[in-house]
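**Q** following is a predicted model, sequence given first.
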Amino acid sequence: MLTLTPPGRPLDRRTLTTPGGFCWWYGDVVDGDGNGVVVIGAFALPFLERRDRTTVPQQRPSLNVAVYEKGVCTFYGLLELHRPHGNGLANDALQEPCAWHHADPTAGRGERWQFGASTLGFDVDSDGIGTFFADLDVALPVGTLRGRITVRGPARREGGHDLHTLGTPATTDGVAHDWSPQLGPARGEARLVVDGRAVDIDGSGYHDRNGALLPLWRQGIDWWLWGRADVDEGAGGRESRVVYALWPEGGGAVCALGVVTGADGSSRVVDVDIDVGARHRTWLGMGEVRRFVVTTRDGAPFLVGEVAARIDDGPFYLRHLLRAGVAAPPTTTNGFLEVVDVGRIDTPWQRPFVRMRVTPAEAKASSLWHPLFAGPRDGRVGRQLRWLVGGGP
């Protein structure tokens, strides 16, 4: 179902060209007061895909940026960056500049991922310090966001493991879904301008990436939980702790692992058990996890987390601000939690609602209700009324 791969190993570039595959790069920043930002650059982001169609990932780039202030989403953009042609493929004459650039070790430069006017990248210097950045220039028909996100910390170093797989891989090379955190406990900062208003966030930061040669719904996953937090490790230092738990299709025992990375970048993988208690149904039918307890196989505490705020509320995806500690949660936010119900992705009744939130490359193809669900939170009702009166963008 999912394989933790060693840090520093690039994603298989076949994830860009294999029909049905996907790849994405993720970064976040969060502070103790519930302010944060998440950025995801992707090719064939599974949450935008259709089960009845096969996409070549490089023909389906997208960029997602969400800003949170005091536990509330104050800006949301999920921008598609291809323009469909009559044959269902991207029209090269109109194609947005989106590309996955190789690292250049001679120049000390890591990989770069270009999504239209925005660029993401990850570098590791000679001292083993990794830096993820996102230079953002996001122009929606309902608002703009510009600025830079930087996450800097010890690059995660392999801790004596090779590949660590949850479930049974469905590909010949043993990796169905490649996932790897790239940093240890990191500091992040966001210097953003949202429709002319400055938003500055300083806090804990994180970066990872995912890729696969198979569609998400062919990987045997029913639903998953992922959570990350920087925690006190007991000797006055900080550690990054990440948990990934997968529930298989058709029932069966949960598969879970934990990744611990110290302030020097050294990491270890821990087989863990997870108790999520009762899942509470949201208004869209998702099963929300409000608290979880993760222990090692010998019963030692690994991570205890509780939800501070639900900040992304969808029919198959939930994102939360998280308070998490080794044995007990702190009083302030220090991470993120997501729950994804793979079986509910691309349910036909959801498609009009997903379209309301997604900004297509052709503005005229936007949903009639797009202003209510995208761009800055402030002024959405007024923008919606103007949109309706004016007949759209």
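**A** Good, I have the coordinates. Residues are numbered from 1 along each chain as shown.

**Q** could you list the paired strands of the helix or strand where residue 147 lies along with their orientation?
**A** For residue 147, the element it lies in under DSSP states H and E is strand 143-154. Sheet pairing of strand 143-154 (DSSP bridges) gives strand 129-140 (antiparallel), strand 186-194 (antiparallel).

**Q** how about residue 329: what's its closest non-neighbour residue?
**A** Once flanking residues are discounted, residue 329 sits nearest to residue 323: 4.1 Å by Cβ to Cβ, 6 or more residues apart in numbering. No exception for glycine: its C-beta is placed from N, CA and C like everyone else's.

**Q** give me every residue that touches that neighbour.
**A** Contacts of residue 323 were listed using Cβ atoms under 8 Å, 6 or more residues apart in numbering, and they are 229, 305-308, 329-335.

**Q** in this protein, where's the longest strand?
**A** If each strand of the chain is counted by residues according to DSSP state E, the longest one is strand 197-212.

**Q** list of residues touching the helix or strand where residue 356 lies?
**A** Element membership for residue 356, per DSSP H and E: helix 351-357. With contact meaning Cβ under 8 Å, 6+ apart, helix 351-357 is reached by 47-48, 76, 78, 315, 367, 369-370, 372-374.

**Q** can you give me the helices in this structure?
**A** Counting by DSSP state H, the chain has helices at residues 351-357, 380-390.

**Q** tabulate the ones you listed (TSV), appending mean neighbour count and distance to residue 237.
**A** Rendered in TSV, the data for the helices of the chain read as follows (neighbours: other Cβ atoms under 10 Å; distance: least, Cβ to Cβ, whole Å):
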stretch	mean neighbour count	distance to residue 237
helix 351-357	15	40
helix 380-390	13	43
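
**Q** for residue 155, find the nearest of those helices.
**A** helix 351-357 (34.0 Å; Cβ to Cβ).

**Q** one step back: got the buried residues for the strand holding residue 147?
**A** 143-147, 149-154 (16 or more other Cβ atoms under 10 Å).

**Q** which of those residues sits closest to residue 1?
**A** residue 151 (27.2 Å).

**Q** dump the residue contacts of the closest one.
**A** Applying Cβ under 8 Å, 6+ apart to residue 151 gives the contacts 27-29, 131-133, 183, 186-188, 205-207.

**Q** most widely separated two among those residues?
**A** Distances among the contacts of residue 151 were taken as Cβ to Cβ; the most separated pair is 28 and 131, at 14.6 Å.

**Q** which one's more surrounded, those two?
**A** When neighbours are counted by other Cβ atoms under 10 Å, residue 28 and residue 131 differ, and residue 28 comes out ahead with 26 against 19.

**Q** skip the chain neighbours and tell me the closest residue to that one.
**A** Using Cβ to Cβ, 6+ apart and skipping the chain neighbours, the partner closest in space to residue 28 is residue 38 (4.6 Å).

**Q** could you measure from the one you found over to residue 274?
**A** Per Cβ to Cβ, to the nearest Å, residue 38 is found 23 Å from residue 274.

**Q** same deal with residue 359?
**A** Residue 359 is 35 Å from residue 274, by Cβ to Cβ.
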